[in-house]
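*Asks:* Just the structure for this:
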Amino acid sequence: LTPPLTAGFFFLEKKYEFLDKLFIVLIAITFIIPGFKSMDQKVPEMIYLSSIQVLISVFILFTKNLNYLTIIKNKSVLSFLLFLSFSFFSLFIAGNKQESIIELGYFFTIFVTLFNSIILFRKKNIEFYCLLITFLIFIESFKVIFEFWKRFDYQNPLIRSQYYAGFSANVNVTGFSILFKLPILFYTYLQFKGEKPLFKILIAITIFMSFFAITLTYSRGALLVLFLIIILFTLFNFRRIKSSIIIIFIFILSYGVNKILLVNVNSDIFNRATTIDLVDSFSSANYRLGYYSDAIKAIKQKPILGWGIGNWKIVGNLFTIDKREEYEVGYHVHNDFLHIAAETGIFGFSFYFLFLFYPAFYILKNLFDNNFNFNEIYIYIFLTFFIFFVDSNLNFPRARPTSIVNICLLIASTCSLINTKKNE
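*Replies:* Now for the predicted structure:
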């Protein structure tokens with residue numbers, strides 16, 4: 001190639017690389033889309049995400065020379081595609097086909113998001129993902145703290161208020177969304193040595209903000225996993241005593257600020273996290289156990305294709321007729337795996353589980369290098385998968401664009417790591 005042509009190709013490559021990163025950022029900020037007074041925050045987020053995927057798909061089609069079959073052969077992508085197929089088959093036995101079509105459209109958008117994210121992340125280094133996560137967790141935590149401070153009343157402070165849901169519509173979703181990003185933030189903090197002290201201080205401030213924001217949500221599940229993640233971080237970094245002490249100090253500081261500002265509240269994050277009420281029949285724990293029991297009964301009755309994708313909100317009524325008058329039928333089982341098994345059968349459940357399992361298993365399998373040393377980034381990615389698995393067993397992240405976009409980008413960055421390792 002002549003020098004002008006070489007320069008032209010180099011310019012185009014750089015321009016496309018910038019656009020790749022821009023589109024990844026546009027996917028990642030789905031959670032900041034306002035609700036526009038919608039009854040369900042999910043609706044405007046999905047309109048935005050769908051629109052972005054159309055734009056990205058056109059961009060990929062005209063700028064990437066790829067063998068798309070290799071992307072489909074990716075085990076995680078293929079598993080999700082098979083899950084989508086069994087979800088489609090369940091449509092034919094669904095009692096409410098309109099709900100099934102709506103839910104299928106949602107999952108198809110998520111599939112396209114996963115597919116496009118993997119393409120956009122090709123050849124991207126892990127540093128970009130880490131910086132993106134740092135930016136996202138900062139603005140997410142800042143929003144929660146801002147809403148808290150705007151309404152703060154020392155004498156009568158709000159606790160576990162819906163205002164503290166930040167950009168989301170639910171404090172549990174926000175708590176786990178921030179928690180999901182925390183392991184990568186820890187890793188980013190560790191990577192900056194003494195050469196960039198200001199940036200490291202900013203990351204430490206972001207860690208404090210994320211800790212404090214999670215304590216404000218009072219999400220029992222998020223608090224429990226937060227304690228566990230801090231303990232695991234300390235164990236993994238037993239040779240980095242200084243870093244472990246700093247992280248523990250930041251957590252103690254965030255806890256102290258929480259106690260000082262909420263001193264007039266008869267509650268504590270440790271009590272909240274460790275106290276599960278199984279006596280009160282109307283407690284959230286008993287409601288969840290009821291939902292789990294109902295879902296298992298539904299799976300036993302229709303184990304192959306389930307009751308139809310998107311139909312649990314209707315089918316759930318069939319299993320609550322003989323229960324107390326005030327028993328609430330939730331839209332979700334509060335366990336994604338049971339929910340999907342009830343709606344799409346054991347095959348749909350299996351493929352959805354494999355969609356998450358394959359990248360997590362690869363990371364687990366490669367935690368140690370050939371010399372039995374820790375692959376540090378793999379530790380923190382695995383912790384992130386672990387957090388999503390916990391969330392999936394307690395809540396319904398599959399149904400929230402905020403949460404499912406997080407896991408799509410994590411899987412895409414994991415695939416990028418796998419490709420980088422294969423090319424070494």
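
*Asks:* Low-confidence bits of the protein, can you list those?
*Replies:* Within the chain, the stretches with pLDDT under 70 are 1-15, 123-124, 193-195, 276-283, 320-329, 369-374, 420-424.

*Asks:* residue ranges for the strands of it, please.
*Replies:* For the chain, no strands turn up when DSSP state E is the criterion.

*Asks:* quick one, longest helix in it?
*Replies:* In the chain, taking DSSP state H as the definition, the longest helix is helix 336-365.

*Asks:* Phe208 versus Tyr255, what's the distance?
*Replies:* 11 Å (CB to CB, to the nearest Å). Every C-beta, even on glycine, is put in place using the N, C-alpha and C of the backbone.

*Asks:* And Asn156, by the same measure?
*Replies:* 25 Å.

*Asks:* quick one, which of the two is more surrounded?
*Replies:* Per other CB atoms under 10 Å, whichever of Asn156 and Phe208 has more neighbours is Phe208, with 18 against 8.

*Asks:* That one reaches Ser254, doesn't it?
*Replies:* Yes. Phe208 is within contact range of Ser254, at 5.5 Å (criterion: CB atoms under 8 Å).

*Asks:* burial count for Lys143?
*Replies:* 19.

*Asks:* Name all residues that make contact with it.
*Replies:* Gly166, Phe167 (CB atoms under 8 Å, 6 or more residues apart in numbering).

*Asks:* how close does it get to Leu383?
*Replies:* 24 Å.

*Asks:* which parts of stretch 247-259 are buried?
*Replies:* Residues of stretch 247-259 classed as buried: Ile247, Ile250, Phe251, Ser254, Tyr255, Asn258 (neighbour count, 16 or more other CB atoms under 10 Å).

*Asks:* and these, which of them are in helices?
*Replies:* Per DSSP H, these map to helices at Ile247, Ile250, Phe251, Ser254, Tyr255, Asn258.

*Asks:* With distance to Lys300 as extra columns, can I get these in CSV?
*Replies:* CSV is the format used below for those (distance: CB to CB, whole Å):
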residue, distance to Lys300
Ile247, 45
Ile250, 47
Phe251, 43
Ser254, 45
Tyr255, 44
Asn258, 44
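
*Asks:* Surely Tyr154 touches Leu262?
*Replies:* No. Counting by CB under 8 Å, Tyr154 sits too far from Leu262 to count as a contact (9.1 Å).

*Asks:* Those two: who's more crowded?
*Replies:* Between Tyr154 and Leu262, counting by other CB under 10 Å, Leu262 is the more crowded of the two (21 against 10).

*Asks:* How about the contacts made by the nearest residue to that one once chain neighbours are set aside?
*Replies:* Once flanking residues are discounted, Leu262 sits nearest to Pro157: 5.4 Å by CB to CB, 6 or more residues apart in numbering. Going by CB under 8 Å, 6+ apart, Pro157 touches Leu261, Leu262, Asn264, Val265.

*Asks:* Skip the chain neighbours and tell me the closest residue to the last one.
*Replies:* I take that to be Val265. The nearest residue in space to Val265 (CB to CB, 6+ apart) is Ile159, at 5.0 Å.

*Asks:* Can you report how many residues lie near that neighbour?
*Replies:* Counted with other CB under 10 Å, Ile159 comes out at 13.

*Asks:* who's in contact with it?
*Replies:* Contacts of Ile159 (CB under 8 Å, 6+ apart): Tyr218, Leu262, Val265, Ser267.

*Asks:* Mind giving me the PyMOL select for the residues you listed, buried ones only?
*Replies:* To isolate the buried members of the contacts of Ile159 in PyMOL, using 16+ other CB under 10 Å:
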select buried, resi 218+262
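
*Asks:* Distance to Phe128 added to the contacts of Ile159, as TSV?
*Replies:* Putting these into TSV (distance: CB to CB, whole Å) gives the following:
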residue	distance to Phe128
Tyr218	33
Leu262	38
Val265	41
Ser267	40
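
*Asks:* Nearest to Tyr68 among the contacts of Ile159?
*Replies:* Using CB to CB, Tyr218 is the member of these that lies nearest Tyr68, at 45.1 Å.

*Asks:* can you tell me how far that closest one sits from Val144?
*Replies:* Taking CB to CB, one finds Tyr218 at 12 Å from Val144.

*Asks:* now swap in Tyr68 and tell me
*Replies:* Taking CB to CB as the measure, Tyr68 and Val144 are separated by 40 Å.

*Asks:* Kindly report the same for Leu136.
*Replies:* 13 Å.

*Asks:* Any idea how many residues pack against the residue lying closest to Leu232 once chain neighbours are set aside?
*Replies:* Once flanking residues are discounted, Leu232 sits nearest to Leu383: 6.6 Å by CB to CB, 6+ apart. Leu383: 22 surrounding residues under other CB under 10 Å.

*Asks:* Can you give me every residue that contacts Leu383?
*Replies:* Counted by CB under 8 Å, 6+ apart, Leu383 has contacts Pro183, Ile229, Leu232.

*Asks:* circling back: just curious, which of the contacts of Ile159 is nearest to Phe349?
*Replies:* Each of these was scored against Phe349 by CB to CB, and Tyr218 proved nearest at 31.1 Å.

*Asks:* so what's the closest one closest to, chain neighbours aside?
*Replies:* Here the residue nearest Tyr218, using CB to CB, 6+ apart, is Arg160, at 4.0 Å.

*Asks:* Might one say that that neighbour is in contact with Asn170?
*Replies:* No. Applying CB under 8 Å as the test, Arg160 and Asn170 come out as separate, 11.0 Å apart.

*Asks:* returning to what we had before: ok, the residue nearest to Val265 to Ile178 distance?
*Replies:* 18 Å.

*Asks:* And Phe270, by the same measure?
*Replies:* In terms of CB to CB, Phe270 sits 19 Å off from Ile178.
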